[in-house]
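*Asks:* Mind folding the following:
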Amino acid sequence: MKLLSDSIADDADFFVEQIHLVAIVFDNTDDVTVWATTYFDSDTHFFHLALPFKSLDTLLGLAHTRAEALQEEVAEALAAADWPALLEYNSDEKLPVLLPSVALKLSVTYPVMEDDESDDEEGPDDPQPHNIFYLEGVFVRLDT
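*Replies:* The predicted structure follows:
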């Protein structure tokens, strides 16, 4: 499996489809990280998705038959207050969560460059993107 950041052509926002959520990580802040896979550029790619908690609820609601159970699992993890919470969906008992008919608009993130990193071969003008993307939008295909 490849990293999604290794397959992007530039730093423009882009869309991914055929998304499977494999883990959700959150704490007592509004920030959530989702670990996911997507079929992109003729191969399966792994990526991290940074999003606000409210957007997580939107994504889980799009998981069709699993939506209610997933939302309950997140609520139970929140109530347990054992931070950080890691909910994994990558086993035979808990399969990855498919988001059918969903496209996510993602934006690229880059590492913060320190002053001493400016002497690197690539230099500060050519940083390599993180494999962490921000969620810019959620789009659902409506069947007619």
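
*Asks:* can you give me the helices in the protein?
*Replies:* 53-61, 67-80 (DSSP state H).

*Asks:* Please identify which of those is closest to residue 132.
*Replies:* Residue 132 lies closest to helix 53-61 among those, at 14.8 Å (Cβ to Cβ). C-beta: built from backbone N, CA, C; applies to glycine.

*Asks:* quick one: the strands in the protein?
*Replies:* Counting by DSSP state E, the chain has strands at residues 2-3, 14-16, 19-26, 31-40, 43-52, 85-88, 97-99, 102-108, 132-140.

*Asks:* residues touching the most centrally placed residue in the chain, list them.
*Replies:* Nearest to the centroid of the C-alpha atoms of the chain, with distances taken as Cα atoms, centre = their mean, sits residue 49, at 2.4 Å. Neighbour list for residue 49: 33, 34, 35, 36, 104, 106, 132, 133, 134, 135 [criterion: Cβ atoms under 8 Å, 6 or more residues apart in numbering].

*Asks:* tell me which of those is nearest to residue 73?
*Replies:* residue 34 (13.8 Å).

*Asks:* Check whether the closest one really touches residue 59, as I assumed.
*Replies:* Yes. Using Cβ atoms under 8 Å, residue 34 is in contact with residue 59, at 7.2 Å.

*Asks:* which residues do the two both contact?
*Replies:* 21, 51.

*Asks:* Paired strands for the helix or strand of the chain with the lowest mean pLDDT, with orientation please.
*Replies:* Each helix and strand of the chain was given a mean pLDDT (mean pLDDT, DSSP states H and E); the minimum falls on strand 2-3 at a mean of 75. Strand 2-3 has the following strand partners under DSSP bridges: strand 43-52 (parallel).

*Asks:* Next, the angle from the partner strand to strand 132-140.
*Replies:* 90 degrees (axes from the mean of the first three to the mean of the last three Cα atoms, to 10 degrees).

*Asks:* How far away from the center of its chain is strand 43-52?
*Replies:* 3 Å (Cα atoms, centre = their mean, to the nearest Å).
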